[in-house]
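Engineer: Got a predicted structure plus its sequence, pasted below:
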Amino acid sequence: MRGFPKIASFVLTGILFLNLNACTDTKDPNLLWLLSATQPNPSPAPDGEQPFSVDIDDQTAPIDFVFDTTKTIQVNIQVQTPETPVSGSLVQVFNTANTTQKSIFRAVTSPNGDVNGSFTIDEATRKVTLKVEALGQLYEAEIEIINVQSITRRITIVIKGNTVILPDTDGDGIIDRDDMFPSDPMRATTFRYPAEGYYTISYEDLFPNQGDADFNDYNVRVVFEEDWNGQGEVARIRANFTHVAKGAGYNHTLHMTIPNIVASSYALTRFDYDGISIETNLNGSNTAIQSLEILPRSNTTIQSANSSRSNTTFQKGKSANLEVILQSAINRLTLGPAPYDTFIKVINTAKEIHFPRRYFDETGKDVYMDSTGFPWALIVPGNFLWPYESTDIRNAYPSFKPWYESAGANNADWYLTPVSSEVFPATN
């Protein structure tokens with residue numbers, strides 16, 4: 001695997017290589033001894049062979065700030081004994097932002113002993129926990145991810161535990177205890193984005209001209225789900241969209257492209273304002289998901305602009321559900337993270353509005369960043385209260401400016417502190 005130095009294969013006795021600044025391994029007696037070595041009464045050094053040696057090659061991310069409120073981190077894990085790779089080892093990553101740990105990545109190692117994939121998490125999250133179960137042993141490490149681009153580690157097991165074979169009905173490598181679909185070899189785990197609640201996507205619609213930065217021209221709440229197989233590849237995608245604001249005179253349609261996949265089948269269901277009554281069912285098979293129209297003209301999908309100071313009664317618009325079954329499961333690094341390519345078409349100008357980092361001109365310039373470095377689209381976790389019409393987001397959210405001026409280093413949760421008099425009081 002790229003990035004690892006060549007080392008000789010031998011049993012390490014009494015030594016565990018760890019980057020103490022990168023992780024804290026609460027399960028490892030060696031680390032506990034090393035951490036106590038500077039104390040007045042240090043613990044005695046552990047005797048005998050220890051379960052793991054670990055080579056850490058976590059990569060930091062270059063500064064490429066495009067107003068992200070989420071981040072996607074690669075996972076590259078290799079598990080081996082001193083002699084051979086270890087297949088079938090369970091690799092998991094947990095969000096430790098709160099007391100209830102949520103799994104955000106799960107896959108088993110290949111016959112080569114490796115796992116390669118990614119997970120997506122809110123930019124404000126500072127730590128995750130990596131857990132690797134192999135041959136009856138558990139490696140656990142807490143990792144600071146503020147500037148991390150990839151978690152890249154080679155874990156060598158130097159003591160084999162007593163391995164107990166647990167049931168795996170569908171033979172996908174994920175035991176029934178951990179398998180959400182124990183009888184389906186194509187699926188093992190479902191991951192939701194965001195893990196709780198929803199994202200709010202807000203568009204400015206004057207592209208290619210600079211907008212007024214109120215980010216309420218077309219707003220939609222979205223939730224995405226991915227079903228992964230045992231190897232951490234995406235086999236099925238679901239999404240829900242609800243139109244929640246139209247603070248513009250222009251009309252729009254909402255679209256989605258899912259790159260690099262062919263759908264064995266897809267089903268799109270559009271709902272009336274009550275979210276229950278079905279308006280339209282659309283289906284397709286053996287097709288790319290390319291510029292698929294999710295919601296029709298915006299003047300037909302919402303009853304209230306939800307952006308005016310004179311009318312602050314929030315009314316949700318119409319919604320749609322999409323499910324896509326992939327012909328072949330795809331590595332998430334190739335697929336890319338949600339919201340994939342979710343965009344609007346502006347009917348009045350015949351222009352499309354996409355997120356940054358997806359389209360570039362012949363000079364390499366990002367097409368969807370304006371002359372001042374601003375995007376035309378934002379995705380924000382949770383119930384984002386968008387600014388009133390013609391209210392600059394920098395005035396509605398005082399922490400927004402220091403956030404982007406620091407390239408995301410400060411005030412990562414800027415969207416939690418609006419000026420209440422400057423934002424529309426949308427409710428859940």
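Structural biologist: Received the coordinates, thanks. Numbering: from 1, shown residues only.
Engineer: contacting residues for residue 170?
Structural biologist: 179, 181, 182, 183, 184, 185 (C-beta atoms under 8 Å, 6 or more residues apart in numbering). (C-beta placed from N, C-alpha, C; glycine too.)
Engineer: By neighbours, which of these wins?
Structural biologist: Most neighbours among those, by other C-beta atoms under 10 Å: residue 179, with 22 neighbours.
Engineer: Report the separation between that residue and residue 135.
Structural biologist: 20 Å (C-beta to C-beta, to the nearest Å).
Engineer: was I right about residue 115 contacting residue 93?
Structural biologist: No. Using C-beta atoms under 8 Å, residue 115 is not in contact with residue 93; the gap is 10.4 Å.
Engineer: and those two? which has more neighbours close in?
Structural biologist: The neighbour count for residue 115 versus residue 93, taken as other C-beta under 10 Å, is higher for residue 93 (26 against 23).
Engineer: Tell me the confidence at the residue nearest to that one when sequence neighbours are not counted?
Structural biologist: Nearest non-adjacent residue to residue 93, counting by C-beta to C-beta, 6 or more residues apart in numbering: residue 105, 3.8 Å away. In this model, residue 105 is scored at 96, pLDDT.
Engineer: got it, and the one 5 residues further on?
Structural biologist: At residue 110 the predicted local confidence, pLDDT, stands at 95.
Engineer: How about residue 312?
Structural biologist: The model reports residue 312 with a pLDDT of 94.
Engineer: Also residue 29?
Structural biologist: At residue 29, pLDDT is 42.
Engineer: cool, and residue 24?
Structural biologist: Here the pLDDT value assigned to residue 24 is 40.
Engineer: contacting residues for the residue nearest to residue 93?
Structural biologist: Contacts of residue 105 by C-beta under 8 Å, 6+ apart are 75, 91, 92, 93, 117, 118, 119, 191, 232.
Engineer: Same question for residue 225.
Structural biologist: Counted by C-beta under 8 Å, 6+ apart, residue 225 has contacts 190, 191, 192, 193, 237, 238, 239.
Engineer: swap the cut-off to 10 Å and go again
Structural biologist: If a contact means C-beta atoms under 10 Å, 6 or more residues apart in numbering, then residue 225 has 190, 191, 192, 193, 236, 237, 238, 239, 240, 323, 338 as its contacts.
Engineer: Same question for residue 301.
Structural biologist: Contacts of residue 301 (C-beta under 10 Å, 6+ apart): 218, 220, 241-243, 246, 251-254, 270, 272-273, 279, 295, 317-320.
Engineer: got the buried residues for stretch 133-145?
Structural biologist: Neighbour-count burial for stretch 133-145, counted by 16 or more other C-beta atoms under 10 Å, picks out 133, 134, 135, 137, 139, 140, 141, 143, 145.
Engineer: Could I get these in a markdown table, plus columns for secondary structure, pLDDT and distance to residue 407?
Structural biologist: Output for these, formatted as a markdown table (DSSP: H, G, I helix; E, B strand; the rest coil; pLDDT from 0 to 100; distance: C-beta to C-beta, whole Å):
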| residue | secondary structure | pLDDT | distance to residue 407 |
| --- | --- | --- | --- |
| 133 | strand | 92 | 37 |
| 134 | strand | 90 | 38 |
| 135 | coil | 86 | 43 |
| 137 | strand | 86 | 40 |
| 139 | strand | 92 | 33 |
| 140 | strand | 93 | 32 |
| 141 | strand | 94 | 27 |
| 143 | strand | 95 | 21 |
| 145 | coil | 92 | 16 |
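Engineer: Which member of those residues is positioned nearest residue 68?
Structural biologist: residue 145 (13.7 Å; C-beta to C-beta).
Engineer: so what's that closest one closest to, chain neighbours aside?
Structural biologist: Leaving aside its sequence neighbours, residue 145 sits nearest to residue 128 (C-beta to C-beta, 6+ apart; 5.6 Å).
Engineer: can you tell me the helix or strand for the one you found?
Structural biologist: strand 127-134 (DSSP states H and E).
Engineer: show me where pLDDT drops low in the chain?
Structural biologist: 1-50, 63, 98-100, 159-164 (pLDDT under 70).
Engineer: OK, contacts around residue 357?
Structural biologist: For residue 357, the contact set (C-beta under 10 Å, 6+ apart) comprises 64, 66, 67, 68, 336, 366, 368, 369, 375.
Engineer: give me every residue that touches the first one.
Structural biologist: I take that to be residue 64. Contacts of residue 64 (C-beta under 10 Å, 6+ apart): 149, 356, 357, 407, 408.
Engineer: circling back to that earlier point, mind checking which of the contacts of residue 301 are buried?
Structural biologist: Counted by 16+ other C-beta under 10 Å, these give 218, 220, 241-243, 246, 251-254, 270, 273, 295, 317-320 as buried.
Engineer: Helices - which of these land there?
Structural biologist: Counting by DSSP state H, none of the members of the buried ones among the contacts of residue 301 fall within helices.
Engineer: So which of these belong to strands?
Structural biologist: 218, 220, 241, 242, 243, 252, 253, 254, 270, 295, 319, 320 (DSSP state E).
Engineer: and the residues you listed, which two are the farthest apart?
Structural biologist: 218 and 270 (16.5 Å).
Engineer: neighbours around the nearest residue to residue 392 once chain neighbours are set aside, how many?
Structural biologist: Closest residue to residue 392 apart from its sequence neighbours, by C-beta to C-beta, 6+ apart: residue 213 at 4.7 Å. Number of residues near residue 213 (other C-beta under 10 Å) recorded here: 19.
Engineer: I figured residue 213 hits residue 389, correct?
Structural biologist: No. Between residue 213 and residue 389 there is no contact under C-beta atoms under 10 Å: 11.7 Å.
Engineer: Angles on the backbone of the residue nearest to residue 392, please.
Structural biologist: phi 60, psi 30 (degrees, to the nearest 10).
Engineer: contacting residues around it?
Structural biologist: 204, 370, 372, 374, 376, 387, 390-396, 400.
Engineer: Repeat that for residue 389.
Structural biologist: Residue 389 neighbours (C-beta under 10 Å, 6+ apart): 212, 214, 216-217, 245, 247-248, 305, 307-310, 424.
Engineer: which of the residues you listed are buried?
Structural biologist: 212, 214, 216, 217, 245, 247, 248, 305, 307, 424.
Engineer: Need those residues in CSV (columns: distance to residue 284).
Structural biologist: Putting those into CSV (distance: C-beta to C-beta, whole Å) gives the following:
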residue, distance to residue 284
212, 38
214, 36
216, 32
217, 29
245, 29
247, 33
248, 30
305, 33
307, 34
424, 36
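Engineer: The residues you listed in strands, which ones?
Structural biologist: If you go by DSSP E, the buried ones among the contacts of residue 389 have residue 245 in strands.
Engineer: between the buried ones among the contacts of residue 389, which is nearest residue 288?
Structural biologist: Of the buried ones among the contacts of residue 389, the one sitting nearest to residue 288 (C-beta to C-beta) turns out to be residue 217, at 28.2 Å.
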